[in-house]
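# model the structure of this input:
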Amino acid sequence: MLARVQKYYPGDGYKLVEKAYLFAQEAHKNQYRKSGEPYFTHPCFVASILVELSLDPPTIAAGLLHDTVEDCEGITLDTIRQEFGEEVAMLVDGVTKLNKLDFADKEEAQAESLRKMILAMGKDIRVVLIKLADRLHNMRTLHFLQKPEKRARIAKETLDIYAPLAERIGMQEVKSELEEIAFAELHKDAHDSIVARLNFLREQGSNIVPKIIAQLEKDMAENGIKATVSGREKTPYSIWRKMQQKNASFEQLSDIMAFRIIVDDVATCYQALGIVHTKYHMVPRRFKDYISTPKPNGYQSIHTGVIGPENTRIEIQIRRLIIGIIYDDCVKCI
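Residues are numbered from 1 along each chain as shown. This is a model prediction of the structure:
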């Protein structure tokens, strides 16, 4: 952990992380998790997730210390402030307050949790990043909880609050993993069925995503269009949610696999669309033009469903290259 921090954050910042590591290790030394592991493994994994996100040393230190005030006897916020400074104390305090959210009414709980999360983001978004890392590791170890009703409650809270929050601040991989674990807990049969079908599709057409990307790149190049093409298989949860929304079977979905074609400007978006529709059969009622009519949040892209390369039903999104454009409710630089 220290070596990775030093690599992307040169200087003495690693010393703060090392001090927090040793402090938290001592503070949690007689505590254990439901898994039987020493409790200190939890803040360690939380900090590791924050390191993977290349966050600054105060955030990583706060990740290591985030449960000390709440769970360790004799340690107060003043203790953290004296040992690690005001910045780390502020972050630990923010996470501690989020941990205390508890309401009798579930609808009130969700609304109030979201409100508190937004307020925390307004003060310092790092508080929310630590909380998301905390929730991610708790979800990874959810299976150690013996009571099914408690696992279900945590999984539903994750789907309702934490996964959407991760999506809105651009943490797509965190959002997908939170959804996947929660979905497997809440709807195990549906999850296992979709996973089995996806595995079958992979076996039938090994390396199909790279093949489709290569063909779409070739289609664009042959028509003189400079484009970047990427593709992915949708997650089991997003597939299941689409099946529920459309009251459709797995086979009826046209966007199990989604591909993005990124071009330089708006005019080229429509040229690329023409090439795609000329070469491949369009799936009825799958065309949406969010460039001529952007979404309320500013999202701009052309969506179309086609029977594409490898005779596979796919979704294609065509977008222009712009720094800071809003994609799927979050700001990303491409």
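# please make it C-alpha for all contacts and neighbour counts, starting now.
Noted.
# tell me how many other residues crowd Gly308.
Residues near Gly308, counting by other CA atoms under 10 Å, number 21.
# ok, it touching His281?
Yes. Taking CA atoms under 8 Å as the definition, Gly308 is a contact partner of His281 at 7.3 Å.
# can you say which helix or strand has Phe259 in it?
For Phe259, the host element (DSSP states H and E) is strand 257-263.
# name every strand pairing with that strand and say which way it goes.
strand 228-233 (antiparallel), strand 312-320 (parallel) (DSSP bridges).
# what residues does the last one touch?
Pointing back at strand 312-320 there. By CA atoms under 8 Å, 6 or more residues apart in numbering, the list of residues contacting strand 312-320 from outside reads 253-266, 268-269, 272-273, 300-308.
# just the buried members of those?
253-263, 266, 268-269, 272-273, 300-308 (16 or more other CA atoms under 10 Å).
# give the closest residue to Leu142 in space, chain neighbours not counted.
Nearest-residue entry for Leu142: Arg151, 6.5 Å, with adjacent residues in sequence omitted and distances by CA to CA, 6 or more residues apart in numbering.
# mind listing what's buried along the strand or helix carrying the one you found?
In this structure, Arg151 sits in helix 148-157 according to DSSP H and E. For helix 148-157, the buried set under the neighbour-count rule, 16+ other CA under 10 Å, comprises Arg151, Ala152, Ile154, Ala155, Lys156, Glu157.
# of those residues, closest to Arg286?
Proximity of the buried residues of helix 148-157 to Arg286 (CA to CA) peaks at Lys156, which lies at 30.4 Å.
# surely the closest one touches Leu186?
Yes. The criterion here is CA under 8 Å, and Lys156 meets it with Leu186 at 7.5 Å.
# low-confidence stretches in the stretch 201-334 of the chain?
Low-confidence segments of the stretch 201-334 of the chain, defined by pLDDT under 70: 204-206, 251-252, 254-255, 297, 322-334.
# that one: helices as residue ranges?
Assigned by DSSP state H, counting those that start in this stretch, the helices in the stretch 201-334 of the chain fall at 208-222, 236-246, 266-279.
# what's the second one packed up against?
It stands for helix 236-246. Applying 3 or more CA pairs under 8 Å, 6 or more residues apart in numbering; DSSP states H and E, we find helix 236-246 packed against helix 172-186, helix 188-204.
# same thing with the last one?
With contacts defined as 3+ CA pairs under 8 Å, 6+ apart, helix 266-279 has these neighbours: helix 208-222, strand 312-320.
# lovely, talk soon.
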